[in-house]
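Novice: One predicted model, sequence on top.
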Amino acid sequence: MTQKEWNKNFAEHDRETISSSGMDLTEETRSASFLQQDNQVLFFHSLSEGVEILGTEEALEKVPRAREYYGRTFNLLGRDYPRDTIGGYFIRVAKGKTVELPIQACLFLKAQGFKQKVHNIIIVEEGAQVYLITGCSASKAADEGFHLGISEFFIQKGAYLNFTMIHSWKEDVSVKPISIALVEEGASFISNYVCLRPVREITMYPAALLEGVYARASFSSLVLSHPGSLQDIGSRVILRAKNSQAEIIARAVSLGGKVIARGHLKAENQNVKAHLECRGLILSKRGTIHAIPEMESDFRDVDMSHEAAIGKINKEEIEYLCSRGFTKEEAQSVIVRGFMDVGVLALPDLLKKEIENLEDKTLKGAF
Amino acid sequence: MLLGVKNIFVELAGKIILKDINLSIKKGQVLILFGPNGSGKTTLIRTLIGFSGYPAKSGEIIFKGQRIDNLSIEERVKQGIGIMYQHPPKIRGVKLSQIASFLSKDKSRIEELAEKLSLKEHLGRDINLDFSGGEMKRSELFQLLLQEPDLLLLDEPESGVDLENISIMGNALNEYLHQKDKSALIITHTGYILDYVKTKEGCVMIDGKLWCVGSPKEMFETIKKEGYGKCQACHDAKRVE
């Protein structure tokens, strides 16, 4: 969409919200784009050879074998999933293709009380490498909105997918992403999640199934919890194949909301390596963080560990910065900003800078 | 007089740690503070900078002619006091470069000093996280020299630092103190710093009290040979006289 079309179709505050979920409206730094508003796919196009992008319904009709992927990850784990979805994106990156610039997708809630339910399918074929950034956001008109996003990821042999999801909701929106990644031999699934704006309720527990040897999954998240928000957020990795690896890293800051930080690592084979880390900062008396790390193994030859730490800002850290001349308020802000450092996420440099800027903008004056 | 401490008492967890401390430091003067572990040296420095939990129960701290014992840490820092920690805290996500650019707007000065103290690659790292003992000390001195305080409070600046780096740090510190006519209160156990910093005054703190005052080199030699027991005996003898 040209700048003119953006300006025509979206009010300034909506454009700002869409940008705040990581969309580059100029598309200059992206290799493909997709935008859905409520249940309407507004546009999609690919600027890169080997990257196919379109709406899921259309893909199921037109793309050969697309149907084989629909629901497959859920069937593998014996789980059911909602069928009443409309839209969502279908992305396929061709075998061996390295896509330099990220693909972007945006799911936008516009109408008041709208219930958006989408089903996304992402296929990264053998040896391909790609970055995908998905922004989910709500217009200020979308009171009492609801978003359900199903995502199925297929990362084939030796492929690499770096998936970044940015949530930019508002205080009366409820959200329920459900996603499963299937990671084949020697493939990597890297998931980054950022949620800095208020939301009523988020429930998500994405899972990765490492079914090929040397498969790898990494989930990192940065969550800021505003008063009145409930964020029940976890990540689960099933290490089904030998020599598979997983890492889950969560950072949560509560400004008064409730965060449940779950993590589940399940070893189903030998010689797997997995680590889970959760750190939480509670900045308000009303805030709650509940960390629930879980690890399971039937095998002895595994290397699994977890660490969790929750508390307020360490007084010694504040005084250290004060002894360099920062005021107490400045010191707190620097420490919280450091705690939410995007360095925790596994991002390419381009997105790192973008998300740093987003954080700066969103966190300015937040505490 | 730059710093004046008058009749300071400090109590921690119901126990009197500092007992009637009196000292003064002039512009350009470096005072060395010796004393056994647990004698109250670090407490004195923490009280001077104003850390919570270390308030003076009575007495006065005067800096540049003004009482500062009721000021916050950052207000004291603004007046021109700087501290080098013995054990600085690690702060995740806060880079050394961030603090450096807060302390000095002069980018080339930051680069130059980082180069001098072998800290260039540490600038982009989280402060004190996975720093070795020596790296922490160098980073502390680095920050302090960027801050350019008039009075430096140094808590064991050389402990955990290898000899080569002691020399780099000692020279950098001496250059700053000497060229800019700055003052310092330095706690030392190893005495290595005395080889680099020009000073004529030392004192010993034992059991929360300041005792002997004299030439730091002579005092250090005596302490090395005969321990702090000698200080005690000397002090008792003077009291009898």
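Specialist: In hand now; what should we look at?

Novice: Which parts of chain B are strands?
Specialist: For chain B, the strands defined by DSSP state E occupy B:3-12, B:15-25, B:30-34, B:56-63, B:66-67, B:81-84, B:151-155, B:183-187, B:201-206, B:209-214.

Novice: Give me whichever of those is most buried.
Specialist: When those are scored by mean count of other Cβ atoms under 10 Å in any protein chain shown, the highest mean neighbour count falls to strand B:81-84 (a mean of 28). Where you see a C-beta, it was placed from the backbone N, CA and C, and this is true even at glycine.

Novice: If you count contacts, what does that one end up packed against?
Specialist: With contacts taken as 3 or more Cβ pairs under 8 Å, 6 or more residues apart in numbering or on different chains; DSSP states H and E, strand B:81-84 sits against helix B:41-49, helix B:133-147, strand B:151-155.

Novice: Keeping just the C-alphas, turn the shortest one into CSV.
Specialist: Right, the one you point to is strand B:151-155. What follows is strand B:151-155, C-alpha atoms only, in CSV (Å, rounded to 0.1, in the frame of the first residue of the first chain):
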residue,chain,number,x,y,z
LEU,B,151,36.6,14.3,46.5
LEU,B,152,37.1,10.6,45.6
LEU,B,153,36.1,8.0,48.1
LEU,B,154,38.0,4.8,47.1
ASP,B,155,37.3,1.5,48.8
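
Novice: what's the angle from it to strand B:183-187?
Specialist: With axes from the mean of the first three to the mean of the last three Cα atoms, to 10 degrees defining the directions, strand B:151-155 sits at 10 degrees from strand B:183-187.

Novice: Contacts for strand B:151-155 next, please.
Specialist: Contacts with strand B:151-155, where a contact means Cβ atoms under 8 Å, 6 or more residues apart in numbering or on different chains, come from B:2-3, B:25, B:41-42, B:45, B:48-49, B:63, B:80-86, B:144, B:173, B:177, B:182-187, B:193.

Novice: repeat for the longest one
Specialist: For helix B:133-147, contacts defined as Cβ under 8 Å, 6+ apart pick out A:324-325, B:77, B:82-85, B:87-88, B:96, B:99-100, B:103-104, B:109-110, B:113-114, B:117-119, B:122, B:127-128, B:131, B:152, B:154, B:157-162, B:165, B:168-169, B:172-173, B:176.

Novice: List buried residues within those.
Specialist: The neighbour-count test (16 or more other Cβ atoms under 10 Å in any protein chain shown) marks A:324-325, B:77, B:82-85, B:88, B:96, B:99-100, B:103-104, B:110, B:113-114, B:117, B:119, B:122, B:127-128, B:131, B:152, B:154, B:157-159, B:161, B:165, B:168-169, B:172-173, B:176 as buried among those.

Novice: A:A261 reaches A:A252, doesn't it?
Specialist: Yes: if you go by Cβ atoms under 8 Å, A:A261 and A:A252 touch, sitting 5.5 Å apart.

Novice: gap between A:E100 and A:F153?
Specialist: According to Cβ to Cβ, to the nearest Å, A:E100 and A:F153 sit 20 Å apart.

Novice: the more surrounded of the two?
Specialist: Shown here are A:E100 and A:F153; by other Cβ atoms under 10 Å in any protein chain shown, A:F153 has more neighbours (26 against 11).

Novice: Could you list the contact residues of the stretch 151-300 of chain A toward chain B?
Specialist: Applying Cβ under 8 Å from any Cβ of the partner chain, we find that the stretch 151-300 of chain A lies next to chain B at A:R279.

Novice: Can you name the residue of the stretch 151-300 of chain A nearest to chain B?
Specialist: A:R279 (7.8 Å; Cβ to the nearest Cβ).

Novice: so what's B:E75 up against?
Specialist: B:E75 sits next to B:I68 when contact means Cβ under 8 Å, 6+ apart.

Novice: Equivalent analysis for A:P293, please.
Specialist: Contacts of A:P293 (Cβ under 8 Å, 6+ apart): A:262-263, A:276, A:278, A:306, A:308.

Novice: For it, what are phi and psi?
Specialist: Backbone torsions for A:P293, taken as degrees, to the nearest 10, come to phi -90, psi 140.

Novice: do the same with the one 3 residues further on
Specialist: Comment: the main-chain dihedrals of A:E296 come out as phi -140, psi 140, following degrees, to the nearest 10.

Novice: I am assuming it contacts A:A267, so please confirm or correct that.
Specialist: Yes: contact criterion Cβ under 8 Å: A:E296 and A:A267 qualify, at 6.7 Å.

Novice: of the two, who's got more company?
Specialist: Applying other Cβ under 10 Å to A:E296 and A:A267 shows that A:A267 carries more neighbours, namely 24 against 13.

Novice: Quick check: bridge partners of that one?
Specialist: Under DSSP bridges, the beta-bridge partners of A:A267 are A:L239, A:S297.

Novice: ok, it - contacts?
Specialist: By Cβ under 8 Å, 6+ apart, the contact set of A:A267 is A:239, A:274, A:295-299, A:302, A:304.

Novice: Determine which two of the residues you listed are furthest apart.
Specialist: A:A274 and A:D298 (14.0 Å; Cβ to Cβ).

Novice: between these two, which one's more packed in?
Specialist: Taking other Cβ under 10 Å, A:A274 and A:D298 do not tie; A:A274 has more neighbours (24 against 10).

Novice: Good, we can wrap up now.
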